[in-house]
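Engineer: below: sequence and its predicted model.
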Amino acid sequence: MAKTQKIIITAAVTGATQTPSLSPYFPATPQQIIADAVTAHAAGAAVVHVHARNPEDSKPTPDIGIMTDIVSSIKRQCDAVVCITTGGSLMMTKEQRLAPVVQLKPELASCNAGSVNFVFADLATKLKNPKFDWEVPYLQGTYDLIFSNTFAGMEYYIDTMNQHDIRPEFEVYDVGMINNIAYFLNKGLVKKPVYLQFVMGILGGIPATVENLAYMVKTAREQIGDFVWSCAAAGKSQFPMVTAALTMGGNARVGLEDNVYLRPGVLAKSSGEQVTQLREIAERLGLEIATADEAREILSLKGNDNVNF
């Protein structure tokens with residue numbers, strides 16, 4: 001496995017899982033998403049992972065205009081690597097999910113490595129006075145949805161990203177998905193360096209344990225060979241798992257997409273606050289934090305001058 005001398009911190013600032021009523025600090029409008037991303041970068045995040053939300057009701061949206069405004073503003077204000085989602089939300093078609101990437105041609109984009117029962121229905125029980133009517137049914141609806149990423153869909157995503165020189169960040173929700181990536185690598189579609197984001201603790205995916213993380217790294221080494229990897233974990237598992245990842249030679253993702261808390265019982269006031277805490281942990285472990293340009297070198301990205309925003 002390829003080891004990096006410096007740690008890439010990713011901040012996932014909004015996502016499509018959390019809803020605005022879960023935290024008063026949650027970045028639920030385009031302007032809040034922009035501000036949270038810029039703050040996270042200033043705190044040490046080399047990469048910011050971005051979804052778009054409607055400015056009127058804060059609902060996840062595939063609107064390319066809104067995404068363009070968000071990523072363009074982030075680029076004007078800082079030098080972070082902008083990783084645009086192709087996850088979108090569970091309610092979007094694969095064409096809707098990919099459209100912003102085709103239009104904007106970022107350096108890095110998420111690429112989901114297989115289908116999964118991506119369930120976050122239990123979050124609905126935490127909403128006592130939701131701000132918007134859509135929040136509770138949106139969350140509850142995931143109990144009967146599959147986050148579909150067929151082999152045809154994955155090949156379509158990978159091929160499209162190759163055409164636009166976009167590095168896929170493969171989102172791996174369970175160990176079998178590593179074999180999916182290996183299949184496309186052996187087929188000649190996936191280019192090195194392969195970048196894996198192990199997303200753990202999702203209901204429907206692999207549980208967030210150190211043993212499971214070690215097993216996924218071992219399996220990836222056997223199936224893929226050299227690769228760069230990072231770890232993200234949902235909810236209370238976030239900091240235990242990303243800390244374990246750092247000790248195992250990996251990179252780490254935090255942010256309010258994955259967890260609205262800084263520590264048990266204490267809401268994070270921004271993704272940047274989580275990045276600061278992660279950076280302090282990394283530095284106490286004797287690790288150095290990669291800048292955005294160093295992350296570009298590690299991941300062999302095309303550079304900020306070659307995006308379409």
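Structural biologist: Noted; the coordinates are in hand.
Engineer: which residue, other than its chain neighbours, is closest to residue 227?
Structural biologist: residue 194 (4.3 Å; Cβ to Cβ, 6 or more residues apart in numbering). The way it works is simple: take the backbone N, C-alpha and C, and place the C-beta from them, glycine included.
Engineer: the one you found: neighbouring residues, count only.
Structural biologist: When neighbours are defined as other Cβ atoms under 10 Å, residue 194 has 22 of them.
Engineer: for residue 120, same thing?
Structural biologist: 22.
Engineer: what residues are up against it?
Structural biologist: Residue 120 makes contact with 17, 139, 142, 202-203 under the criterion Cβ atoms under 8 Å, 6 or more residues apart in numbering.
Engineer: list only buried entries from those residues.
Structural biologist: 17, 139, 142, 202-203 (16 or more other Cβ atoms under 10 Å).
Engineer: switch the contacts of residue 120 over to a markdown table; also include pLDDT and secondary structure.
Structural biologist: Output for those, formatted as a markdown table (pLDDT from 0 to 100; DSSP: H, G, I helix; E, B strand; the rest coil):
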| residue | pLDDT | secondary structure |
| --- | --- | --- |
| 17 | 93 | coil |
| 139 | 96 | helix |
| 142 | 95 | helix |
| 202 | 96 | coil |
| 203 | 97 | strand |
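Engineer: which of those residues sits closest to residue 125?
Structural biologist: Nearest to residue 125 out of the contacts of residue 120 is residue 139 (Cβ to Cβ; 9.0 Å).
Engineer: got the CA coordinates for the worst-scoring helix or strand of the chain on mean pLDDT in PDB?
Structural biologist: Sorting the helices and strands of the chain by mean pLDDT, DSSP states H and E puts helix 94-104 at the bottom, at a mean of 90. Extracted as PDB, the C-alpha positions of helix 94-104 are listed here (Å, rounded to 0.1, in the frame of the first residue of the first chain):
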ATOM      1  CA  LYS A  94     -27.800   8.600 -11.600                       C
ATOM      2  CA  GLU A  95     -28.000  11.200 -14.400                       C
ATOM      3  CA  GLN A  96     -28.900  13.900 -11.900                       C
ATOM      4  CA  ARG A  97     -26.200  12.800  -9.600                       C
ATOM      5  CA  LEU A  98     -23.500  12.900 -12.300                       C
ATOM      6  CA  ALA A  99     -24.600  16.100 -14.100                       C
ATOM      7  CA  PRO A 100     -22.700  18.700 -11.900                       C
ATOM      8  CA  VAL A 101     -19.500  16.700 -12.400                       C
ATOM      9  CA  VAL A 102     -19.800  16.700 -16.200                       C
ATOM     10  CA  GLN A 103     -20.500  20.400 -16.200                       C
ATOM     11  CA  LEU A 104     -18.000  21.500 -13.700                       C
END
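Engineer: show me how far it is from its chain's centre.
Structural biologist: 16 Å (Cα atoms, centre = their mean, to the nearest Å).
Engineer: let me know the closest of the buried ones among the contacts of residue 120 to residue 67.
Structural biologist: residue 17 (17.5 Å).
Engineer: excluding chain neighbours, give the residue nearest to the closest one in space.
Structural biologist: Using Cβ to Cβ, 6+ apart and skipping the chain neighbours, the partner closest in space to residue 17 is residue 120 (5.1 Å).
Engineer: same deal with residue 99?
Structural biologist: residue 64 (5.8 Å).
Engineer: likewise for residue 274?
Structural biologist: residue 254 (4.1 Å).
Engineer: distance of the one you found from residue 240?
Structural biologist: Look at residue 254 and residue 240: by Cβ to Cβ, to the nearest Å, they are 12 Å apart.
Engineer: look at the two and report which has more neighbours.
Structural biologist: With neighbours defined as other Cβ under 10 Å, residue 254 and residue 240 compare such that residue 254 has more, 31 against 14.
Engineer: with only the CA atoms kept, save stretch 240-248 in CSV.
Structural biologist: C-alpha atoms of stretch 240-248 as CSV (Å, rounded to 0.1, in the frame of the first residue of the first chain):
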residue,chain,number,x,y,z
PRO,A,240,-12.7,6.9,17.3
MET,A,241,-12.5,5.6,13.7
VAL,A,242,-10.6,8.5,12.1
THR,A,243,-8.1,8.4,14.9
ALA,A,244,-7.6,4.7,14.3
ALA,A,245,-7.2,5.4,10.6
LEU,A,246,-4.4,7.8,11.3
THR,A,247,-2.5,5.2,13.4
MET,A,248,-2.9,2.7,10.5
